[in-house]
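Engineer: quick one, fold the following:
(2 chains, ligands or ions: 2)
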Amino acid sequence: MPAPDQAGLAARLLEFGEELRSEGVAVGTSELLDGFAVLSEISWEDPADFREALAATLAKSQEDRRVFELVFERFFFRAAEMAAVREGVREEGGIDPDEVNAELDMETLRQLIAQALHDGDEGRMRDLARLAIAAFGRQGEGSGVIGVDVQRIRRQLGLRSEPQPDLPPEDPRHEGLPRDEIRRFEQILRRELERAQIERTEQLPPARPLNELDRALPSGPLQDLAAVHRVVAQLKRRLKTQGQEARGRKRRAHVDMRKTMRASLEYGGVPLNVKLKPVRPRRPEIFVLCDVSTSVTSASVFFLSVMHALHDSFRKMRSFVFIERISEVTEVFAKERDFRAVSEAIGRDAGVADISGYTDYGRVWREFRDQVEDELHPRATVIVLGDARTNGRDPAAPIFGSITAKAGRTFWLNPEPRLYWNYGDSVIAAYEQYCEAYECWTTRQLEDFVRALTKPLVTGG
Amino acid sequence: MLAEPASVQEVADGLQSVGYLPGESTALVAYLAARLGKPILVEGPAGVGKTELAKALSRYLDRTLIRLQCYEGLDEAKALYEWNYRKQLLAIQATEKTDWDATKGDIFGEEFLLERPLMSAIASPDPVVLLIDEIDKTDQEFEAMLLEVLSEFQISIPELGRVEARTQPIVLLTSNNTRELTEALKRRCLYLWLDYPELDHELAIVKLHSPEISDTLGRRLVEIVSMVRGLDLKKPPSIAESIDWARALLLLGADDIDQQTFNDTMSIIVKHRTDLDIVVERVGAKLGGPLGAGA
Ligand SMILES: Nc1ncnc2c1ncn2[C@@H]1O[C@H](COP(=O)(O)OP(=O)(O)OP(=O)(O)O)[C@@H](O)[C@H]1O
Ligand SMILES: [Mg+2]
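Structural biologist: Ligands and ions are numbered 1, 2, ... in the order given. Sure thing, here's the model as predicted:
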């Protein structure tokens, strides 16, 4: 078995165990000894084997496994990069971008990458990822946000899992590319972009310490409903003391929401503008858009209770839920005051907003703009509740920007810890340039937000 | 019986050759377990192939599979060994002797011992695969006993002496996570988390079981199943359900899953009454007409 630097590795492994322990994983001596034992059984060449072997000995529950993943990434990736920065080493790829650049046009690059994905050749993917980044960089399209760049590059390369029948049959894209490989290639792109960023700035991004609560998201336990309700009550009181609205009988026309939505299915599921428009007070002052996709499931109850409270306090308000597309739920809140019933109704009807189960922010912004454009005004507030995870789809930030430009203020409540923002497919930075984004998934954070929301809205009655 | 596996790849190929498609780390962990003689603790949702992994390992390594199915109240007598009381009584009745000490020696001999799975695994002259299924159903005391057996690989029987393992079994423990296992037990084991497979992996498994299924239908099937799993159901469909569904669709001669087909057959993958309602609303309604019309 290869043992280039046993002593060095031992020290690293002990440190790694220490980091795991500091994140609450019960790593003891016997786990570490097992760790050494498994590493002598496998080749260190294969990074996946290296990681999995350690995981099998150090992380012994699903929960620990998740922490392991995060710490492993942070620890070994950072360790390697740190050494490189110290020694001023530049990664040497099998293909030198500068040499090939001249001849390599975009279409050739696309073909090569498609082939590598088709073959599942990781080494080649890495080389080609560097080339793609170099080519992309020359076009000056870099956004500075890694998550966004990954998606832009992917789109430029036209990496799709759907078959592209108009291409010649011998082209791997003819049949469509394997999804898992596309995902792997994205990870490599991200790695290489991070590497490039580190080389540029000669420093590492800050370590991201995890804590209990970070880990609870996104699939952790639901927010304690009672606690949410308490803060929501507080939120109501705050908003009421602002004297926003004299409360009075609502005088809206009823719309059969389900019928409307069912009807929209006949038009390919696009919620049509011809929906029965309720008699609504002129110019809503709050627009709320709430992500109810699975990626924010644990936050959804929390979000819905926020919407519920807002509806209690603001008469001139419109609210929407979205996954792949948006559905207006203003009427659900108007008809139904019981929180549970509201949630159920939305859970039922929001299904229409979901074809693939994946959030499509681009589409959401377009549909939202189409529906509210005429009613936006400089004193209106837009609140978005969502995790800004695009699942690799176009973030369409400029459209979002055009919406915020017409509104007075726009807030974004993101249920993910800030530490996770802009990692993976989170593109919150692309939106943050147009709005104020808050980390909001606890009662305390909600209070912080409420303070921000209420202060500037004091308009003298 | 096969020689010890010499590489991870060999284990992966071996499992595949007996009809089990291992996920990313499954072959690796199985290989390490064989090399280091450590038990594997396998956890994951129902129906992701935990039990099947043990069976496949035994087929591939050509070892006998000894299975201890755990349940509430399982005790040593059922897991380890028991004296054959009836046979002992008969022997006592048949004996003419009045020398009770001698009789005692006779009736506590190996022929009066009823071997239970743990004992069989240890006493077996050939190495076996020992599957301790659903360990989370037992209590902590049982776990402690098991731990001893697994660390010593020997059992001492007061009347008979010590039975020591002559060969190294491969041990798999499965758990459905209904309770936390003790740290001590976990420490002894390598850990393998099996999750629902990725789309391509599940497609390959389905095709392994129903080779006639077309790529389009198979992919559509695993995509819908994965969508259904995302719905927060009481009992999400497992791999076994995907396999059954594929078979049913083939029998029906379906070449696509439209709303009608889905509604007719979804009870194969979703069993709970309330789950069915959710699935009709959230998935069935969306499938619409023939393939491609909605997307
Ligand atoms: N990787 C795989 N390759 C081939 N078939 C598989 C695989 N995984 C699961 N299966 C199939 O799925 C079925 C269900 O698997 P199995 O009974 O092992 O699940 P389990 O995890 O033990 O479930 P439970 O927790 O309910 O006991 C098996 O009968 C097998 O046919
Ligand atoms: Mg089982």
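
Engineer: quick one: low-confidence ranges for chain A?
Structural biologist: Applying pLDDT under 70 to chain A flags residues A:1-7, A:77-104, A:138-145, A:147, A:198-283, A:293-301, A:312-313, A:347-358, A:443, A:451-461.

Engineer: phi, psi of the residue in it that ligand 1 sits nearest to?
Structural biologist: As assessed by C-beta to the nearest ligand atom, ligand 1 sits closest to A:Q62 within chain A, at 14.0 Å. C-beta here means a position set from N, CA and C on the backbone, and glycine is covered the same way. The phi and psi values for A:Q62, taken as degrees, to the nearest 10, are phi -60, psi -40.

Engineer: now it. Nearest residue, chain neighbours left out?
Structural biologist: Closest residue to A:Q62 apart from its sequence neighbours, by C-beta to C-beta, 6 or more residues apart in numbering or on different chains: B:W193 at 5.5 Å.

Engineer: for B:P125, same thing?
Structural biologist: B:R166 (6.2 Å).

Engineer: same check on A:E162?
Structural biologist: Using C-beta to C-beta, 6+ apart, the closest residue to A:E162 is A:G176 (5.2 Å).

Engineer: how many neighbours does that neighbour have?
Structural biologist: 16 (other C-beta atoms under 10 Å in any protein chain shown).

Engineer: hmm, back to that, residues near the residue of chain A closest to ligand 1, how many?
Structural biologist: 15.

Engineer: tell me the spacing between it and B:L89.
Structural biologist: From A:Q62 over to B:L89 the distance is 50 Å, taken as C-beta to C-beta, to the nearest Å.

Engineer: got the CA coordinates for whichever strand or helix holds A:P398 in PDB?
Structural biologist: In this assignment (DSSP states H and E), A:P398 forms part of helix A:397-406. The C-alpha trace of helix A:397-406 is given here as PDB (Å, rounded to 0.1, in the frame of the first residue of the first chain):
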ATOM      1  CA  ALA A 397     -31.400  38.600 -11.600                       C
ATOM      2  CA  PRO A 398     -32.000  41.600 -13.900                       C
ATOM      3  CA  ILE A 399     -35.700  40.800 -14.000                       C
ATOM      4  CA  PHE A 400     -35.700  40.700 -10.200                       C
ATOM      5  CA  GLY A 401     -33.900  44.000 -10.400                       C
ATOM      6  CA  SER A 402     -36.500  45.600 -12.600                       C
ATOM      7  CA  ILE A 403     -39.200  44.600 -10.000                       C
ATOM      8  CA  THR A 404     -37.300  46.000  -7.100                       C
ATOM      9  CA  ALA A 405     -36.700  49.200  -9.100                       C
ATOM     10  CA  LYS A 406     -40.400  49.800  -9.200                       C
END
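
Engineer: can you list the buried residues in it?
Structural biologist: A:397, A:399-401, A:403-404, A:406 (16 or more other C-beta atoms under 10 Å in any protein chain shown).

Engineer: separation between B:I132 and chain A?
Structural biologist: Using C-beta to the nearest C-beta, to the nearest Å, B:I132 is found at 16 Å from chain A.

Engineer: repeat for B:K186
Structural biologist: 4 Å.

Engineer: list phi and psi for that residue.
Structural biologist: Taking degrees, to the nearest 10 as the convention, B:K186 sits at phi -60, psi -40.

Engineer: and the closest residue in space to it that isn't next to it in sequence, which of the three is it?
Structural biologist: The spatial neighbour of B:K186 that comes closest, neighbours along the chain excluded (C-beta to C-beta, 6+ apart), is A:K60 at 4.3 Å. Under DSSP: H, G, I helix; E, B strand; the rest coil, A:K60 falls in the coil class.

Engineer: residues contacting A:K60?
Structural biologist: By C-beta atoms under 8 Å, 6 or more residues apart in numbering or on different chains, the contact list for A:K60 reads A:26, B:41, B:186-187, B:189, B:191.

Engineer: out of these, which comes closest to ligand 1?
Structural biologist: B:L41 (13.1 Å).

Engineer: so who does the closest residue to chain A within chain B touch?
Structural biologist: At 3.8 Å from chain A, B:S25 is the closest residue in chain B, using C-beta to the nearest C-beta. Taking C-beta under 8 Å, 6+ apart, we find B:S25 in contact with A:48, A:52, A:55-56, B:192.

Engineer: for these, could you give me a markdown table that also reports distance to ligand 1 and secondary structure?
Structural biologist: Below are the contacts of B:S25 laid out as a markdown table (distance: C-beta to the nearest ligand atom, whole Å; DSSP: H, G, I helix; E, B strand; the rest coil):
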| residue | distance to ligand 1 | secondary structure |
| --- | --- | --- |
| A:A48 | 18 | helix |
| A:E52 | 16 | helix |
| A:A55 | 19 | helix |
| A:A56 | 17 | helix |
| B:L192 | 11 | strand |
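
Engineer: next, format those as a markdown table and append neighbour count.
Structural biologist: Formatted as a markdown table, these follow (neighbours: other C-beta atoms under 10 Å in any protein chain shown):
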| residue | neighbour count |
| --- | --- |
| A:A48 | 11 |
| A:E52 | 21 |
| A:A55 | 24 |
| A:A56 | 26 |
| B:L192 | 27 |
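
Engineer: please name the nearest non-neighbouring residue to A:R155.
Structural biologist: Using C-beta to C-beta, 6+ apart, the nearest residue to A:R155 is A:D394, at 7.0 Å.

Engineer: for the one you found, which three-state class applies?
Structural biologist: Quick answer, by three-state DSSP: A:D394 is coil.

Engineer: wait, it sits on A:T359?
Structural biologist: No. Under the criterion of C-beta atoms under 8 Å, A:D394 is not in contact with A:T359, lying 11.6 Å apart.

Engineer: more neighbours: the two, which one.
Structural biologist: When A:D394 and A:T359 are compared for neighbours, A:T359 comes out ahead with 28 against 17, by other C-beta under 10 Å.

Engineer: surely that one is within a strand?
Structural biologist: No. With three-state DSSP as the criterion, A:T359 is assigned coil and is not in a strand.

Engineer: hang on, B:A27 packs against B:P5?
Structural biologist: No. Here B:A27 does not reach B:P5: they are 9.1 Å apart, not a contact under C-beta under 8 Å.

Engineer: hey, which helix or strand in chain B has the poorest pLDDT?
Structural biologist: helix B:100-107 (a mean of 70; mean pLDDT, DSSP states H and E).

Engineer: for the residue nearest to A:E162, give me its contacts.
Structural biologist: Counted by C-beta under 8 Å, 6+ apart, A:G176 has contacts A:160-164.

Engineer: look up the pLDDT of B:R187 for me, please.
Structural biologist: For B:R187, the model assigns a pLDDT of 89.

Engineer: tally of neighbours for it?
Structural biologist: 16.

Engineer: before we move on, what about A:S40?
Structural biologist: A:S40: 13 neighbours (other C-beta under 10 Å).

Engineer: mind showing which ranges of the stretch 151-295 of chain B have poor pLDDT?
Structural biologist: In the stretch 151-295 of chain B (pLDDT under 70), the answer is B:288-295.

Engineer: what's the longest helix in chain A?
Structural biologist: helix A:179-201 (DSSP state H).

Engineer: show me what that one is packed against.
Structural biologist: In terms of contacts (3 or more C-beta pairs under 8 Å, 6 or more residues apart in numbering or on different chains; DSSP states H and E), helix A:179-201 is packed against helix A:78-87, helix A:106-119, helix A:122-138, helix A:146-157, helix B:199-209.

Engineer: could you dump these to TSV with distance to ligand 1 and mean neighbour count?
Structural biologist: Shown next, in TSV, are these (distance: least, C-beta to the nearest ligand atom, whole Å; neighbours: other C-beta atoms under 10 Å in any protein chain shown):
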stretch	distance to ligand 1	mean neighbour count
helix A:78-87	33	13
helix A:106-119	23	17
helix A:122-138	23	19
helix A:146-157	30	21
helix B:199-209	5	18
